[in-house]
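Colleague: coordinates only, sequence not included:
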């Protein structure tokens, strides 16, 4: 049979819980299930976190030594390790200084405007195969990294469909490979 927690019991349960008694102790005293007491504390907004519950259990001697040692370590802020916090920014092994400056230009207003103007000039038609109404790319005739002054020059742009863009000699990684070949030829 399910017992309902009376309002006068409710306030006393909350007070005892806040003062440090565990739901197990309260369930013995009042005859309610632990889950019922935890649900009440959740509704009242005083529910403890698992680490707070573990600390209380250690203080009362209900946990063994290994747990006590672990809890003692977590109390020390210099030993505590949090993966999400320890790997941020310069502490991350993959951190690259000024990385956002390298990637941002392609998401800038200038790039979007240059792309739109290239598409409008070419009437949204692929300049190699003449297809219209398919996925288009604004292709840099002189590569993005080759000459920074020509990045947003309208004469350096060409509208290509995705398939024709893949065939260009400075598409994706081919551009990087071309640069390394140029360096090896010069040496």
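Modeller: The structure has been received and is ready for your questions. All figures in this text were calculated on a predicted structure; none of them were measured in a lab. Numbers count the residues shown, from 1 in each chain.

Colleague: what ranges do the helices span in the chain?
Modeller: Secondary structure of the chain (DSSP state H): helices at 7-18, 23-30, 34-44, 50-59, 65-75, 83-86, 99-103, 109-121, 162-167, 173-186.

Colleague: where are the low-confidence patches of the protein?
Modeller: Within the chain, the stretches with pLDDT under 70 are 1-2, 51, 58, 61-86, 98-105, 173-187.

Colleague: kindly report the domain assignment for it.
Modeller: If you go by automatic domain parsing, the domain ranges for the chain are 7-75, 104-186.

Colleague: which among those is found nearest to residue 87?
Modeller: Residue 87 lies closest to domain 7-75 among these, at 19.0 Å (Cβ to Cβ). The way it works is simple: take the backbone N, C-alpha and C, and place the C-beta from them, glycine included.

Colleague: distance between the closest one and the chain's centre?
Modeller: In terms of Cα atoms, centre = their mean, to the nearest Å, the centre of domain 7-75 is found 33 Å from the chain centre.

Colleague: ok, now stretch 89-97?
Modeller: Taking mean C-alpha positions (Cα atoms, centre = their mean), stretch 89-97 and its chain are 15 Å apart.

Colleague: for it, measure first residue to last.
Modeller: Chord length of stretch 89-97, first to last residue, is 9 Å (Cα to Cα, to the nearest Å).

Colleague: rebuild the domains of the chain as TSV, extending it with mean neighbour count and distance to residue 88.
Modeller: Converted to TSV, the domains of the chain look like this (neighbours: other Cβ atoms under 10 Å; distance: least, Cβ to Cβ, whole Å):
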stretch	mean neighbour count	distance to residue 88
domain 7-75	14	20
domain 104-186	14	20
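
Colleague: now the ones you listed in JSON lines, with distance to residue 95?
Modeller: Below are the domains of the chain laid out as JSON lines (distance: least, Cβ to Cβ, whole Å):
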{"stretch": "domain 7-75", "distance to residue 95": "27"}
{"stretch": "domain 104-186", "distance to residue 95": "17"}
